[in-house]
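> Sequence plus the predicted model coming up.
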Protein chains: 2
Amino acid sequence: MAGADKRERLVAATEEIILRDGYAAVSSRRVAAAVGIQASLVHYYFPTLDELFVAVLRRRSGRAVERMSSILAGPEPMRAWWRAASDPRGSVLMTELIAAAHRRPALHDEVARIASELRRVQVGALESLLPQYGLDPAKFPPVFVATAIQGMAYAVVQDETSGFDTRPDEARAAIERFVDVLEAQRAGLTARAVAD
Amino acid sequence: MAGADKRERLVAATEEIILRDGYAAVSSRRVAAAVGIQASLVHYYFPTLDELFVAVLRRRSGRAVERMSSILAGPEPMRAWWRAASDPRGSVLMTELIAAAHRRPALHDEVARIASELRRVQVGALESLLPQYGLDPAKFPPVFVATAIQGMAYAVVQDETSGFDTRPDEARAAIERFVDVLEAQRAGLTARAVAD
DNA sequence: GTCTATATTGAGATAGAC
DNA sequence: GTCTATCTCAATATAGAC
């Protein structure tokens, strides 16, 4: 079988295990079983488990910075950002990878690099976007807004996927109504700016 | 040695291990070493590791609901809430326990119970508090506000403790300035209400 | 590339002496 | 309560045949 294909299947299987049972459930045996091969072959493709974890991260967030840039340059940046941030699979996976990075230096460095670049892109875009949304950057600086979006997405997804009875569906609905208001405000404000 | 004391020391040691290296680093051997006893004695006090994890949770959040109630009934509810939510130790510990609960049903049920009760108390208090802060519950319902506080605390603490270069210190400062504004608004509004 | 076999380490948990 | 000793299982990783 083609090596590239098997690599891909191993990474995909690992992602599924993480999503289903958490990062601590990942082992060469279990990944091998999911793909239908022997455990030692996992080590042929990924000599250490750390490299497998890093591959899972890269697969998910390889184009994360570019995607975030295009989201922020698109027609409804806030709505698109919220949608991307509150995607259950992506959010849960990142939470798990960050937790796993606790004891895996290679993974930690990679997560840190991506987190830093994403924040840089977000802050840069928000500097010009916030006034368009009618938000005063003196009151709500870019880092505040970025932290709020990311944090609320974490909280909602975690409660949803963990099955906590904290009314996360109501929270999600309220957040989306707020995004509606923001996008409507921006549409009004930018229309007026064009008219001037 | 007194049994209660040793139990307490085991739970405290487990908490330290979780905070330092994550929940996956907890093992009977490692906890025993931290306390200076044999691994088998850990199983004498906590027959299964699940019970040890639950004990860590109970120790931290045994009075969590009462504490949250008194925070919300205190003089500056938002400030106190933010301070409690953004405490690094508590936040990291809860994140790890929720992740560990992924594969530990007993722990999951206990976390879910506490999360649900906390949210109920928070929402109940916010119904009367939000107007005092000048926040329209139609725009920002209690579940929205509760999710925002908890989520932003998660995000800030995670970036701070993981050492991510996402400018979490600036985010924390901006959030605290916003809390200042909210508390000042409430002070003004409630003073006016008393004057009427 | 893929396998079998194995070295090594550590895990959770139990038995039984003291 | 606390220990030593041990069972059983699974982990990462490597060696070497094919």
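Ah, there it is.

> how close does residue A:108 get to chain B?
Separation of residue A:108 from chain B (C-beta to the nearest C-beta, to the nearest Å) stands at 7 Å. Any C-beta I mention is one placed from the backbone N, CA and C, and that applies to glycine too.

> swap in residue A:176?
From residue A:176 across to chain B, the span is 10 Å (C-beta to the nearest C-beta).

> For whichever strand or helix holds that residue, list every residue counted as buried.
Here residue A:176, judged by DSSP states H and E, is contained in helix A:168-195. Judged by neighbour count (16 or more other C-beta atoms under 10 Å in any protein chain shown), helix A:168-195 contains these buried residues: A:168, A:170-172, A:174-175, A:178-179, A:182-183, A:186.

> do the same with stretch A:137-149
In stretch A:137-149, counting by 16+ other C-beta under 10 Å, buried: A:137, A:140-149.

> any idea how far residue B:4 is from the residue of chain A found nearest DNA strand C?
Closest approach between chain A and DNA strand C, counting by C-beta to the nearest atom of the strand: residue A:3, at 2.4 Å. Residue A:3 is 58 Å from residue B:4, where distance means C-beta to C-beta, to the nearest Å.

> same question, residue A:33
According to C-beta to C-beta, residue A:33 and residue B:4 sit 44 Å apart.

> And these two? Which one has more around it.
Neighbour totals were compared for residue A:33 and residue B:4, and residue A:33 leads with 15 against 8 (other C-beta atoms under 10 Å in any protein chain shown).

> Show the end-to-end separation of stretch A:155-169, please.
Stretch A:155-169 has its terminal residues 11 Å apart, counting by C-alpha to C-alpha, to the nearest Å.

> just stretch A:52-68 next, same as before
From its first residue to its last, stretch A:52-68 covers 25 Å (C-alpha to C-alpha).

> Now do the helix holding residue A:176: distance to the chain's middle.
Distance of helix A:168-195 from the chain centroid (C-alpha atoms, centre = their mean, to the nearest Å) equals 22 Å.

> mean confidence score for it?
Confidence for helix A:168-195, expressed as mean pLDDT, is 93.

> tell me what that helix is packed against?
Judged by 3 or more C-beta pairs under 8 Å, 6 or more residues apart in numbering or on different chains; DSSP states H and E, the packing partners of helix A:168-195 are helix A:77-85, helix A:105-132, helix A:142-162, helix B:142-162.

> Which of these sits closest to residue A:92?
helix A:142-162 (5.6 Å; C-beta to C-beta).
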